[in-house]
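sequence first, predicted coordinates after that:
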Amino acid sequence: MLFIKFSCVAAYPHHESQSLSQFSYLHSALGEIPQAIDYGEQALAIAQNVNNSLFKGIALAVLGLAYLEAGKFVHSLRFIVASFIALPPWRGGDSKLLLALILKRFFKYLSKLSFIHLKKFIE
């Protein structure tokens, strides 16, 4: 298991925020939710200090995806909507890529729920 704790005194906090967001995304995809949430919260705290909408939008999105994997749909939706406010999808570039990642994970989550309900119906 990979678990890294970054200090907040990095020379390049925007890179630190981005790395933490990537760790959060990876851990939520692996189902390691506590780590994903921890990394996402660290990324968001740093992104807010850097005051950059790109890093803040990404951190909010990955935190929302971690909560989605945790099954906390409403909490997840709040973070994802906040990420769209910080980094509007119509802006282009990275914001469109972020939207694609959110939609991919969201539809994966919905298909998993559908399969669980279908399985219960068949049994």
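Looks like it arrived, so ask away.

which strands or helices does the helix or strand encompassing Tyr39 pack on?
According to DSSP states H and E, Tyr39 maps onto helix 33-50. On a contact count with 3 or more C-beta pairs under 8 Å, 6 or more residues apart in numbering; DSSP states H and E, helix 33-50 meets helix 13-29, helix 53-69. C-beta coordinates here come from the backbone N, C-alpha and C atoms, glycine included.

kindly calculate the angle that the last one makes with helix 13-29.
Angle, helix 53-69 to helix 13-29, by axes from the mean of the first three to the mean of the last three C-alpha atoms, to 10 degrees: 20 degrees.

quick one, helix 53-69 and helix 33-50 angle?
Going by the same axes, to 10 degrees, helix 53-69 makes 160 degrees with helix 33-50.

quick one: stretch 52-69 to chain centroid distance?
Chain-centre distance of stretch 52-69: 4 Å, with C-alpha atoms, centre = their mean, to the nearest Å.

quick revisit: for the helix holding Tyr39, buried residues please.
Residues 33, 35-40, 42-44, 46-47, 50 are the ones in helix 33-50 that count as buried (16 or more other C-beta atoms under 10 Å).

out of these, which one has the lowest pLDDT?
Within the set of those, pLDDT is lowest for Val50 (87).

wait, doesn't that residue sit right on Tyr12?
No: assessed by C-beta atoms under 8 Å, Val50 is found out of contact with Tyr12, at 9.5 Å.
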